[in-house]
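Student: Here is the input, now give the coordinates:
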Amino acid sequence: MPSPSAPTQDELKAMVGQAALQYVVPGQIVGVGTGSTVNKFIDALAAMKDQIPGAVSSSEASTARLKALGIPVLDSSVVEEIAVYIDGADEIDHRGCMVKGGGAALTREKIVAAQSRRFVCIADESKLVDVLGAFPLPVEIIPMAAQRVVRQFAALGGQATLRLKDGAPLVTDNGQHILDVTGLRIGDPVAFESDVNQWPGVVTVGVFAHQRAAVCLLGTASGVRTLTFE
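Tutor: All right, here's what the predicted structure looks like:
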């Protein structure tokens, strides 16, 4: 009898997207992140849209997907507190600290995360790392600061390059640019995030340590593995 094939990446994303529904609090607002894994969560959330007043979204792309499924999208500026924020990660360590921003929505993601009582990360097991930094670190910047920030990362041993789209600098939903930084090992994510966020011209660094995950749902070949950091 042939052994069952391992789940595909798409199936792993659907698995954790579905599992995240158990953290949605009926009657309360949910925060929704950005990316292909979160898209699976949004699709699953449609089944309980009548149980929540709406969602706060971290990107134009997620907003469009939520609205297409009939889920009300609320402006974060009129929402005092969000019960839970569901989002993916490019990397997550064993303390719940993350690197995020591969989808270019890191600033809005951090804003929504800061409004939320609880952050639930959904990812596949390849995203779990011992030390952050193997994935290129996204940093949203004001364009005129680009070369100065590149030099500051070079002083730390990092190589920062401007993210392009169709041959031109990618423009975020906030009208800014993104640097992707390689060559870093981020052993103290809290201190690193605090430091880089003070650099003139940096809008947000893609280290989520002050807004770390409380729970991570990891998609694995044997099912969903739950890590708790609370």
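Student: Could you report the pLDDT at the closest residue to A47 other than its chain neighbours?
Tutor: Once flanking residues are discounted, A47 sits nearest to L21: 7.6 Å by C-beta to C-beta, 6 or more residues apart in numbering. Yep, even glycine has a C-beta here, placed from its N, CA and C like the rest. What the model reports for L21 is a pLDDT of 98.
Student: thought L21 was touching L45?
Tutor: Yes. Shown here, L21 and L45 form a contact pair, counting by C-beta atoms under 8 Å, at 6.8 Å.
Student: okay, how far is it across stretch 173-183, tip to tip?
Tutor: Distance across stretch 173-183, first residue to last, is 27 Å (C-alpha to C-alpha, to the nearest Å).
Student: for that stretch, what is the average pLDDT?
Tutor: Computed over stretch 173-183, the average pLDDT equals 98.
Student: which parts of it are buried?
Tutor: For stretch 173-183, a neighbour-count test (16 or more other C-beta atoms under 10 Å) marks D173, Q176, H177, I178, L179, D180, V181 as buried.
Student: Restricted to strands, list those.
Tutor: Using DSSP state E, the members of these that fall in strands are H177, I178, L179, D180, V181.
Student: and which of these is nearest to T8?
Tutor: Comparing these against T8 with C-beta to C-beta places D180 closest, at 26.5 Å.
Student: any idea how far M48 is from that closest one?
Tutor: 36 Å (C-beta to C-beta, to the nearest Å).
Student: Would you map out the domains in this protein?
Tutor: Annotated domains of the chain cover 9-129+210-228, 137-203 [automatic domain parsing].
Student: So which of those domains has the densest surroundings on average?
Tutor: Stretch with highest mean neighbour count among these: domain 9-129+210-228 (a mean of 20; mean count of other C-beta atoms under 10 Å).
Student: Now the terminal residues of it, how far apart.
Tutor: Taking C-alpha to C-alpha, domain 9-129+210-228 runs 23 Å from one end to the other.
Student: What is the least confident helix or strand in this protein?
Tutor: The least trusted helix or strand in the chain, going by mean pLDDT, DSSP states H and E, turns out to be helix 9-19, with a mean of 94.
Student: helices or strands up against that helix?
Tutor: Helices and strands touching helix 9-19, by 3 or more C-beta pairs under 8 Å, 6 or more residues apart in numbering; DSSP states H and E, are helix 36-45, strand 119-124, strand 215-220, strand 223-228.
Student: next one: phi and psi at the closest residue to G54 other than its chain neighbours?
Tutor: Nearest residue to G54, sequence neighbours excluded (C-beta to C-beta, 6+ apart): P72, at 3.5 Å. Backbone torsions for P72, taken as degrees, to the nearest 10, come to phi -60, psi 140.
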